[in-house]
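J.: Provided below are the primary sequence and the corresponding predicted coordinates.
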Amino acid sequence: MLSNTFSSLLIALMATRTTYAWFRVACTDPLVQERVDPIVSPGISPSQHVHTVHGANNFAPSATYDSLRTSSCTSCEVTQDLSNYWFPKLYFHDQTANTFEAVANGGLLVYYQNRGDGDVSNGGTGLKAFPAGFRMISGNPAARAKKYTEGEGSQGELAERAIQWSCLRYTTNSSGYDGHGFPTTDCEAGFNARIHMPACWDGVNLDSADHKSHVAFLSGLDNGDCPSDHPVYMMKLFYEITWNVHDFASRWNTNDPTAWPFVYATGDPTGYAWHGDFFNGWDVTALQNAIDYCNNPNDQTGSGVTEACSYLTVQSASTANTCKIDPIVSEPVGGEVLSKLPGCNPLQYGPGDATLYTDDNCPS
């Protein structure tokens, strides 16, 4: 699934973004899947909902940049990148039995894209590497509906537009889906979720109380300028994950547009709670060199070939896939039939924002 996912996006990127450089960090099977979140819930175990985690094996509730840099392995394929990337787990909801089962996915692709007016290809002075200790999130786990007029361009609207979904159906003659919220049909080639991360930084704060205010989106989301209060242009991250929802096609009425049975670990049956987290663990010098020198549109560094960048070392997928850690939260999260979503995450349909409960304030 990972190779099919990459191929589909690679074609689109090469067709529409040939003047902008980029490289990819491919991540294999998850490092771990559990309720731990060192950005939103630092030092706390368990956190609110289950995440699928990729990257460096020193991932922990109290992880720091320095601790990540001492990791002995990473489940992603660029060895200079000891970051962690995570996102909520997807479950199949058997609506007859009212049970939940984990949905497999084909790994994570993180695209590092040269975008924005600060990039040299747009006449800027160059992009900056993420500083040591930097972290951020994109998306809102409480969201259950669309709130903004498409294209209005406010930071709120850009944040909403940064969360994207597709139903991949190119193995059939059926039409696919590319829009807001969950689709309503089977996705024979996979359910594809994508996240644009902010690419503008205030230049001061490595984090903020909401883990968003210290960063901002480019004015055009995928390109454009940074707000005056977030003047530092950074590399733009773009996440892509594809889930194998077709594995469950025989267990629901795929022709009923009201019967979509998949939910996020947040208790979200709408899709709007999709979000992603980034905790920087890069060798900052290596990343800055990759930004500055591996952005030539006349060679393979301008076509997404990570191996062509001499400042990056790409390990094999099989080697990356040996990097695993044991969960520290003792609870079932996948591989078995669950009577409820882990933690306190009752299904909440919206359209208002959901209440995010903890284990301590869970309603009976």
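T.: All right, it came through fine.
J.: in three-state terms, label D360 for me.
T.: Here D360 takes the helix state, with states given by DSSP: H, G, I helix; E, B strand; the rest coil.
J.: now it: how far from A162?
T.: With distances taken as Cβ to Cβ, to the nearest Å, D360 is found 32 Å from A162. Using the backbone N, CA and C atoms, a C-beta is placed for each residue, glycine as well.
J.: who has more neighbours, those two?
T.: Under the criterion of other Cβ atoms under 10 Å, the comparison of D360 against A162 puts A162 first, with 21 against 6.
J.: burial of the residue nearest to the more buried one when sequence neighbours are not counted, as a residue count?
T.: Nearest residue to A162, sequence neighbours excluded (Cβ to Cβ, 6 or more residues apart in numbering): H196, at 3.9 Å. The number of residues packed near H196 is 25, by other Cβ under 10 Å.
J.: what residues does H196 make contact with?
T.: Residues near H196 by Cβ atoms under 8 Å, 6 or more residues apart in numbering: S138, R161, A162, Q164, F217, L221, D222, K236, L237, F238.
J.: run a quick neighbour tally on the second one.
T.: So that's R161. By the criterion of other Cβ under 10 Å, R161 has 19 neighbours.
J.: touching, it and E150? I think so.
T.: Yes. Using Cβ atoms under 8 Å, R161 is in contact with E150, at 7.0 Å.
J.: re earlier: distance of the residue nearest to A162 relative to D283?
T.: Distance of H196 to D283, given as Cβ to Cβ: 24 Å.
J.: from the contacts of H196, which one has the minimum pLDDT?
T.: Lowest in pLDDT among the contacts of H196 is Q164, which has 91.
J.: now that residue. Nearest residue, chain neighbours left out?
T.: Nearest residue to Q164, sequence neighbours excluded (Cβ to Cβ, 6+ apart): R194, at 4.4 Å.
J.: show me the helices in this structure, by range?
T.: Assigned by DSSP state H, the chain shows helices spanning 2-16, 65-69, 155-161, 284-293, 317-320.
J.: ok, Y357 - contacts?
T.: If you count contacts by Cβ under 8 Å, 6+ apart, Y357 has them with Q48, G343, C344, N345, P346, P363.
J.: thinking again about what came up before, what's the neighbour count on the residue nearest to Q164?
T.: So R194, with other Cβ under 10 Å, has 20 neighbours.
J.: for it, list each beta-bridge partner.
T.: Beta bridges link R194 to Q164, E240 when assigned by DSSP bridges.
J.: which residues touch it?
T.: By Cβ under 8 Å, 6+ apart, the residues touching R194 are I163, Q164, W165, S166, F238, Y239, E240, I241.
J.: distance of the third one relative to Q33?
T.: Put plainly, it is W165. W165 sits 21 Å away from Q33, going by Cβ to Cβ.
J.: what's the pLDDT at the residue nearest to A162?
T.: 96.
J.: separation between it and G224?
T.: Using Cβ to Cβ, one gets 12 Å for the distance from H196 to G224.
J.: what sits against S208?
T.: Contacts of S208 by Cβ under 8 Å, 6+ apart are H214, V215.
J.: please begin residue numbering at 550 from this point
T.: Noted, 550 is the first residue going forward, which turns the last one into S757.
J.: look up how far N663 lies from it.
T.: 25 Å.
J.: for the nearest residue to D778 once chain neighbours are set aside, what are its contacts?
T.: Distances taken as Cβ to Cβ, 6+ apart place D751 nearest to D778, at 6.4 Å, with adjacent residues excluded. If a contact means Cβ under 8 Å, 6+ apart, then D751 has H763, V764, A765, D778, H779, P780, V781 as its contacts.
J.: next, count neighbours for the last one.
T.: With neighbours defined by other Cβ under 10 Å, the count for V781 comes to 16.
J.: again with the second one
T.: Summarising burial for V764: neighbours were counted as other Cβ under 10 Å, giving 26.
J.: isn't it right next to L755, touching?
T.: No. Applying Cβ under 8 Å, one finds V764 not in contact with L755, separated by 10.3 Å.
J.: all strands for the stretch 650-799 of the chain, in order.
T.: Under the criterion DSSP state E, counting those that start in this stretch, the stretch 650-799 of the chain contains strands at 654-662, 684-688, 712-716, 726-728, 740-745, 749-750, 764-765, 781-782, 785-792.
J.: which of the ones you listed has the lowest average pLDDT?
T.: For the strands of the stretch 650-799 of the chain, where the average pLDDT is lowest is strand 726-728, sitting at a mean of 76.
J.: I figured A609 hits V585, correct?
T.: Yes. Counting by Cβ under 8 Å, A609 does reach V585; the two are 7.1 Å apart.
J.: find residues that contact each of the two.
T.: Residues within reach of A609 and of V585 at once, by Cβ under 8 Å, 6+ apart, are I877.
J.: cheers, nothing more for now.
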